[in-house]
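[1] what's the 3D shape of this:
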Amino acid sequence: MHKGSSTSSARTRTFITRGIVTATALAAVGGIAAPATTAVAAPAGEVSTAAGIGTSEEQRVTAASVVGLDVTNNPEVLLLSDRDFIFALWEKANGAGADQEAVRQAAEEVMSPDATAEDHIRFITTGIREANELDQQRKQDRAAIEREAREAKARVLIALGIPSSPELLGLSDDNFIRQVMKHAAAGPEVRAAAARALAEDDAAVWQEFIGNGAREAHKRDRENELKELEEKDRQEAQRRKEQSARENTAALFGITPSEAMMRLSDDNFIRELIRLTPAGAQGTELFAAAQKALNSSATADWSAFLHTGAEQAFKRDDDNRRKKIAQANRELATRIQAAAQKTGVRPHLVAAAKKALAGSDADVAAFLREDSLYRAKRQSLAPSSAKLSGWYVRQSSVDGGEAFLAPVDAKGKQSDREDATWVVVDGLAAQPGCYSFKSPTKAGHYLTLNGLKVKMAADDGSAKFRKDATWCARKALTGSGTSFESAGNKGRYLRHFWGDLYAAKKDDKSGHRFDRSKDFAQDATWKISTPLAR
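    Below you'll find the model as predicted:
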């Protein structure tokens, strides 16, 4: 194993590394899970023998239909071995993104070296459908959350008397609150509550303002107006109080009441709310409370529903919705944690998921935000040898993106720590069990190859770049940790040699010094550690 160093230039790094003594002892690094996913792409045009096929054509056609894989125009897919057929299913699911994430993950699991022929058959016959059911449930959950978010915004607009539009309803939560705050219909209490929500810079606070805070602030505005009016005209104040109660109740139903509807008696007003409620919203506490009030012959019950009962029932519905969303979020966070644990390449993501799941529902929701998940995929990459403790893979913009090993202090300069931190994203070459190491500070820059030497460079959009910037997780070549095979150069692994990084293979006759067999396994085994820059 060979140490490498860097200060601010390649020249200094070369000077230092020439004098470093070769280390031969291998220290086992505990606590790093070996990746379970080590699948590779099926060779193009290769048709497997019948020995690799344990499923029927009918079973394959059914499995293909789950991910929308066209076997009618591509009948050769049906002749592949079970494992290669699963790879074809994986490719299709991978292209669908989040809509078929569970199918993709399940396919990756059964393409691991430990998977058996029975595992392949089970996935094709039943597993893919089970994973798809999970994907469909996730899709329904996402759609329900998005629908409720739009409905919550619509209720705010109706309550405040602001004309609704697709543009307003489509705004992000914070921008929606800004528009509400600036509108002439917003009273002092609404504007103040909106300003407080925006000052928190917290998505949960914004959602609470939209879900309840805006309407409650509007109620306070109306109550303040009525107090002033009551001193001058008690009868008019009472009329407006009744009007406000009806408007607020109608807003909870997502209904803008017409003038004719506002002139109805209390019982007929409630009857009209029930009539206008969509079928999909008739299983709510709010709808049940309206029916219960209407079934009463006491006028006081009708009035109580309009003034307080509707709001109380809506709050129960809101609590139920929050619990359902929270449960779905926890299930998703648990699945993310489990998937990351199996790969072994995102321990920081695993730790972040565990921390969130041990906290509140708000903590879990915050963890699942896209920006939070992206940050949780940050990792630092260190050689597995204890002799090189404190050394990490880093890059140097000064040296044109050169990548190398260098000692980086966990309490050192932020810029140095960022240069030794990588976002572990799914591989650009779209191969199962493969990843790309993305710069957290330079947009679109990845660890890639310049020949066989590793450096950081910008994605040029080419197929070659995608392959050269993709590294497939493999079981450690020695000891514990992870080894990474180049997707563009099969049989070559990410190796450090005299401080620099290469896609190397164990071959003393290749003509490349970095391919020499001495210490190869040790130099090509890595420890994935806590990110130096969070």
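
[2] Next one, pLDDT for Thr525 please.
    What the model reports as pLDDT for Thr525 is 97.

[3] Thr482 is in contact with that one, correct?
    Yes. With contact defined as Cβ atoms under 8 Å, Thr525 and Thr482 form a contacting pair (7.3 Å). For glycine as for every other residue, the C-beta is placed from the backbone atoms N, C-alpha and C.

[4] which one of those two has more residues nearby?
    Applying other Cβ atoms under 10 Å to Thr525 and Thr482 shows that Thr525 carries more neighbours, namely 28 against 25.

[5] For that one, give its distance to Leu276.
    To Leu276, Thr525 is 67 Å away according to Cβ to Cβ, to the nearest Å.

[6] Same question for Glu208.
    In terms of Cβ to Cβ, Glu208 sits 27 Å off from Leu276.

[7] With neighbour numbers in mind, choose between those two.
    Neighbour count, other Cβ under 10 Å: between Glu208 and Leu276, Glu208 has more, with 17 against 13.

[8] mind checking the SS state of Gln379?
    Secondary structure, DSSP: H, G, I helix; E, B strand; the rest coil: Gln379 is strand.

[9] Assess the claim that it and Val345 are in contact.
    Yes. Between Gln379 and Val345 there is a contact under Cβ under 8 Å: 7.3 Å.

[10] which residue packs closest to Ile145, ignoring adjacent ones?
    By the measure of Cβ to Cβ, 6 or more residues apart in numbering, the closest residue to Ile145 outside its immediate chain neighbours is Ile325, 6.1 Å from it.

[11] So the one you found: helix, strand or coil?
    helix.

[12] let's have the chain start at 17 instead
    Got it, first residue is 17 now, which makes that one Ile341.

[13] what sits against it?
    Asp157, Ile161, Ala381 (Cβ atoms under 8 Å, 6 or more residues apart in numbering).

[14] And for Trp542?
    Applying Cβ under 8 Å, 6+ apart, the residues contacting Trp542 are Leu397, Ala398, Pro399, Ser400, Val409, Gly497, Thr498, Ser499, Phe500, Leu510.

[15] sorry, back to before: got a pLDDT number for the residue nearest to Ile161?
    On the pLDDT scale, Ile341 gets 89.

[16] ok, it to Gln298 distance?
    21 Å.

[17] what packs against the helix or strand Val439 falls within?
    Following DSSP states H and E, one finds Val439 within strand 438-442. Secondary-structure packing of strand 438-442 (3 or more Cβ pairs under 8 Å, 6 or more residues apart in numbering; DSSP states H and E): strand 394-399, strand 450-454.

[18] which parts of stretch 185-199 are buried?
    Within stretch 185-199, the residues scored as buried using 16 or more other Cβ atoms under 10 Å are Asp189, Phe192, Ile193, Gln195, Val196, Met197, His199.

[19] Dump those into a markdown table; add distance to Leu268 as well.
    Formatted as a markdown table, the buried residues of stretch 185-199 follow (distance: Cβ to Cβ, whole Å):
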| residue | distance to Leu268 |
| --- | --- |
| Asp189 | 20 |
| Phe192 | 18 |
| Ile193 | 20 |
| Gln195 | 21 |
| Val196 | 17 |
| Met197 | 22 |
| His199 | 20 |
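
[20] Give me the secondary structure label for Cys488.
    Quick answer, by three-state DSSP: Cys488 is strand.

[21] can you pull out the helices in the stretch 67-216 of the chain?
    73-83, 98-111, 117-125, 133-138, 144-176, 182-185, 189-198, 204-216 (DSSP state H, counting those that start in this stretch).

[22] out of those helices, deepest packed?
    Comparing the helices of the stretch 67-216 of the chain by mean neighbour count (mean count of other Cβ atoms under 10 Å), helix 117-125 comes out on top with a mean of 24.

[23] tell me what that one is packed against?
    helix 98-111, helix 144-176, helix 326-359.

[24] per-residue confidence averaged over it?
    91.

[25] could you check the angle strand 438-442 makes with that helix?
    90 degrees (axes from the mean of the first three to the mean of the last three Cα atoms, to 10 degrees).

[26] and helix 117-125, how far out from the chain's middle?
    Here the centre of helix 117-125 is set off from its chain's centre by 16 Å, with Cα atoms, centre = their mean, to the nearest Å.

[27] For it, C-alpha coordinates in CSV please.
    Output of helix 117-125 as CSV, limited to C-alpha atoms (Å, rounded to 0.1, in the frame of the first residue of the first chain):
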residue,chain,number,x,y,z
GLU,A,117,-38.4,2.4,-7.1
ALA,A,118,-39.5,-0.7,-5.1
VAL,A,119,-39.3,-2.8,-8.2
ARG,A,120,-35.9,-1.5,-9.1
GLN,A,121,-34.6,-2.2,-5.6
ALA,A,122,-36.1,-5.7,-5.5
ALA,A,123,-34.5,-6.5,-8.8
GLU,A,124,-31.1,-5.4,-7.6
GLU,A,125,-31.4,-7.7,-4.6
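
[28] now it against helix 144-176, angle please.
    Using the same axes, to 10 degrees: helix 117-125 against helix 144-176 is 150 degrees.

[29] Run through who's touching helix 117-125.
    Contacts for helix 117-125 (Cβ under 8 Å, 6+ apart): 52-53, 55, 82-83, 102-103, 105-106, 109-110, 112, 131, 139, 143-144, 146-148, 150-151, 154, 351, 355, 358, 448-449.

[30] what's the helix or strand for the residue lying closest to Ile286 once chain neighbours are set aside?
    Leaving aside its chain neighbours, Ile286 sits nearest to Leu310 (5.0 Å; criterion: Cβ to Cβ, 6+ apart). In this structure, Leu310 sits in helix 301-311 according to DSSP H and E.
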